[in-house]
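# sequence? don't have it. structure:
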């Protein structure tokens with residue numbers, strides 16, 4: 001950058017700081033403070049213009065009084081009006097007073113001049129333009145235009161009565177053209193700023209029609225340069241009161257750090273930034289005594305750099321309802337989870353309480369069936385005892401299933417990871433259920449890959465999974481059908497499946513399988529006992545091992561249940577203390593295949 005440009009820029013900054021020092025601290029709003037700073041600058045320039053007019057009009061040449069008046073005008077007038085401006089809350093009164101003094105001074109210099117001065121005419125005609133430079137409003141042009149007309153009339157009357165010629169000396173022409181040049185430069189600058197503001201407002205209006213929310217133009221210092229028409233409806237405050245104020249003043253104190261970080265990201269050259277924070281708004285009051293009330297609404301601010309590089313364009317969208325719905329959802333989810341935990345604990349407590357009398361019923365009925373205490377004299381008595389024994393065993397299995405499901409959901413199901421032969425587990429389940437299958441005329445077979453040796457898992461849980469799947473397959477397969485257990489190794493995972501040629505499951509019913517107490521309802525299933533807990537237990541146990549379960553079925557052709565679990569056992573966090581003798585792993589499952597775990601010490 002050239003040296004003279006840097007010097008000119010520094011001089012302009014110093015002059016701007018000098019003018020702002022005379023602005024009253026009680027003035028609210030950056031726009032009003034800038035207006036008063038421009039007014040103070042005009043106060044400093046006014047005596048210089050009057051001095052140039054006096055010199056070119058030859059009013060005080062050779063007169064001591066003229067020299068004194070010039071010094072007083074140059075030194076005293078700026079101090080008087082700037083002092084009044086710094087103390088006054090209404091700068092319009094000070095500006096009107098300065099305008100009157102300026103006009104009277106021009107008229108007085110014209111009355112005492114020996115010839116008509118071109119500079120005086122230009123200064124009088126430019127009064128409305130000078131007022132517009134300060135206030136930039138139509139009202140200021142109308143008022144100052146009246147003053148200019150009065151001054152021009154006075155100059156015209158003096159010129160006609162005095163019958164004096166027009167002074168076109170080199171000094172007068174130089175001063176006149178110099179003043180005209182400053183007027184032209186300031187006019188071009190003001191019109192360019194006005195055009196930029198108009199274009200910015202048009203762009204904001206176009207953007208506002210395309211998006212939902214308030215569109216703001218922020219300067220790099222965080223001041224609101226312009227904002228869309230929706231601002232008054234959203235914030236409850238007139239736009240002109242918001243323009244020129246820092247947006248930080250409207251941010252809730254708890255969110256100001258987030259806002260400053262958001263602003264810093266944009267200043268740092270980020271392509272875009274988003275933040276959610278609470279902004280202060282004004283709403284109608286509930287009573288006439290309190291006409292307005294202050295509220296804080298949550299807004300999402302999304303910002304991008306301005307195309308002209310002089311700030312940011314921010315879209316503020318009211319997301320209070322979305323935040324309220326989100327909080328309500330969190331509360332509802334917490335309540336549901338609490339209810340689920342309470343239900344699981346209730347089921348676990350009830351199951352524990354039921355097992356004690358059931359064990360007594362099963363034990364004593366078994367003693368009666370064994371006729372340890374004597375033979376049963378009547379066949380009907382044996383039939384009734386057998387019915388009690390069979391019903392007791394069935395109810396105990398249901399209670400055990402409920403207890404297992406509740407433990408899985410409550411996160412208290414213990415997992416003992418150990419190495420065992422998977423082939424032996426399949427053989428044991430095969431032998432256990434072979435009699436049940438033969439009674440129904442169902443063929444039960446297994447095909448276990450010879451590559452499968454020992455696996456690391458909870459053997460009791462894996463046995464339970466196989467028993468539940470095979471017993472379900474046998475139960476829902478008609479006479480002449482086949483139930484097959486297949487197992488192999490795929491990608492360091494143990495993959496085994498239980499398939500049957502039974503009644504199958506409709507696609508719509510597959511979505512509900514695995515949920516506790518949910519069964520497929522049809523004419524066939526109604527004739528078979530069940531609670532829907534078996535598959536829910538299987539799904540939970542597989543999830544505890546970090547595996548997954550998939551069901552494929554076709555009505556009338558059969559069902560295939562695929563299970564995959566890691567060969568190296570479930571991934572759980574092991575916490576072992578020096579004094580611990582045994583470490584138990586407790587894992588939780590969401591009954592959808594996911595799991596997590598924790599370690600608990602058992603002495």
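Thanks, I have it. Please read all numbers here as calculations on a predicted model, not as lab measurements.
# In this structure residue 407 contacts residue 413, no?
Yes. Under the criterion of Cβ atoms under 8 Å, residue 407 makes contact with residue 413 at 4.0 Å. Every C-beta, even on glycine, is put in place using the N, C-alpha and C of the backbone.
# More neighbours: which of the two?
In this view residue 407 and residue 413 are compared by other Cβ atoms under 10 Å, and residue 413 has more residues nearby, 23 against 20.
# can you count the residues close to the closest residue to residue 449 other than its chain neighbours?
Leaving aside its sequence neighbours, residue 449 sits nearest to residue 488 (Cβ to Cβ, 6 or more residues apart in numbering; 4.2 Å). Using other Cβ under 10 Å, residue 488 is surrounded by 15 other residues.
# OK, contacts around residue 488?
Contacts for residue 488 (Cβ atoms under 8 Å, 6 or more residues apart in numbering) come out as 449, 451-452, 495-496.
# pretty sure it is in a strand, no?
Yes. According to DSSP: H, G, I helix; E, B strand; the rest coil, residue 488 belongs to a strand.
# Give me the pLDDT value at it.
pLDDT for residue 488: 92.
# Tell me the bridge partners for it.
residue 495 (DSSP bridges).
# Please, where are all the helices along the stretch 351-500 of the chain?
Secondary structure of the stretch 351-500 of the chain (DSSP state H, counting those that start in this stretch): helices at 379-410, 422-440, 459-475.
# so the second one versus helix 459-475, what angle?
It refers to helix 422-440. If you take axes from the mean of the first three to the mean of the last three Cα atoms, to 10 degrees, helix 422-440 sits at 30 degrees to helix 459-475.
# average model confidence for helix 422-440?
Here the average pLDDT along helix 422-440 is 89.
# list the buried ones in that helix?
Across helix 422-440, burial judged by 16 or more other Cβ atoms under 10 Å covers 422-423, 425-426, 429-430, 433-434, 437.
# got it, and the first one?
Residues of helix 379-410 classed as buried under the neighbour-count rule (16+ other Cβ under 10 Å) are 385, 388-389, 392, 396, 398-410.
# Surely residue 495 touches residue 562?
Yes. Counting by Cβ under 8 Å, residue 562 is a contact partner of residue 495 at 6.9 Å.
# Show me where the stretch 201-350 of the chain dips below the pLDDT cut-off.
For the stretch 201-350 of the chain, the stretches with pLDDT under 70 are 201-211, 284-291, 308-309, 348.
# one more time with 90, if that's ok
Counting by pLDDT under 90, the stretch 201-350 of the chain shows low-confidence ranges at 201-246, 249, 265-272, 280-297, 304-324, 327, 333, 335-350.
# which stretches of it form helices?
Under DSSP H, counting those that start in this stretch, the stretch 201-350 of the chain gives helices at 230-235, 239-242, 256-267, 320-370.
# Show me what counts as buried in the shortest one.
Going by neighbour count (16+ other Cβ under 10 Å), the buried part of helix 239-242 is residue 242.
# which strands and helices sit next to it?
strand 224-227, helix 230-235 (3 or more Cβ pairs under 8 Å, 6 or more residues apart in numbering; DSSP states H and E).
# Which among the ones you listed is found nearest to residue 256?
If you check each of those against residue 256 by Cβ to Cβ, strand 224-227 wins as the nearest, at 15.9 Å.
# Walk me through which strands the closest one pairs with, and which way each runs.
In the sheet, strand 224-227 lines up against strand 214-218 (antiparallel) (DSSP bridges).
# who's in contact with the partner strand?
By Cβ under 8 Å, 6+ apart, strand 214-218 touches 200, 204, 207-208, 224-228, 230-231, 234-235, 247, 263, 303, 306, 311-317.
# Now do it: distance to the chain's middle.
Distance of strand 214-218 from the chain centroid (Cα atoms, centre = their mean, to the nearest Å) equals 18 Å.
# Over to stretch 345-353?
43 Å.
# Show me just the buried residues among the contacts of residue 488.
452, 495-496.
# which residues of the stretch 51-200 of the chain fall in helices?
Using DSSP H, counting those that start in this stretch, helices in the stretch 51-200 of the chain cover 64-87, 91-112, 118-125, 127-135, 138-162, 170-210.
# can you list the domains in the chain?
Listed by automatic domain parsing, the domain ranges of the chain are 3-193, 211-318, 325-406, 412-602.
# among the helices and strands of the chain, which has the poorest mean pLDDT?
Sorting the helices and strands of the chain by mean pLDDT, DSSP states H and E puts strand 595-602 at the bottom, at a mean of 38.
# ok, back up a step: for residue 40, state which of the buried ones among the contacts of residue 488 is nearest.
Taking the buried ones among the contacts of residue 488 together and measuring to residue 40 by Cβ to Cβ, the closest member is residue 495, at 85.5 Å.
# Now do the same contact list for that closest one.
With Cβ under 8 Å, 6+ apart, residue 495 has these contacts: 487-489, 562-564.
# Repeat the analysis, applying 10 Å as the threshold.
449, 452, 486-489, 547, 562-565 (Cβ atoms under 10 Å, 6 or more residues apart in numbering).
# Please pick the buried ones from those residues.
452, 486-487, 489, 547, 563-565.
# before we move on, back to that, any idea which of the contacts of residue 495 is closest to residue 505?
Using Cβ to Cβ, the contacts of residue 495 come closest to residue 505 at residue 562, 14.2 Å.
# Now do the strand or helix carrying that closest one against helix 459-475: the angle between them, please.
Secondary structure from DSSP states H and E places residue 562 in strand 558-566. Using the same axes, to 10 degrees, the inter-axis angle of strand 558-566 relative to helix 459-475 is 170 degrees.
# Quick one: list the elements packing against strand 558-566.
Contacting strand 558-566 under the criterion 3 or more Cβ pairs under 10 Å, 6 or more residues apart in numbering; DSSP states H and E are the following elements: strand 454-457, helix 459-475, strand 482-490, strand 493-500, helix 533-544, strand 548-554.
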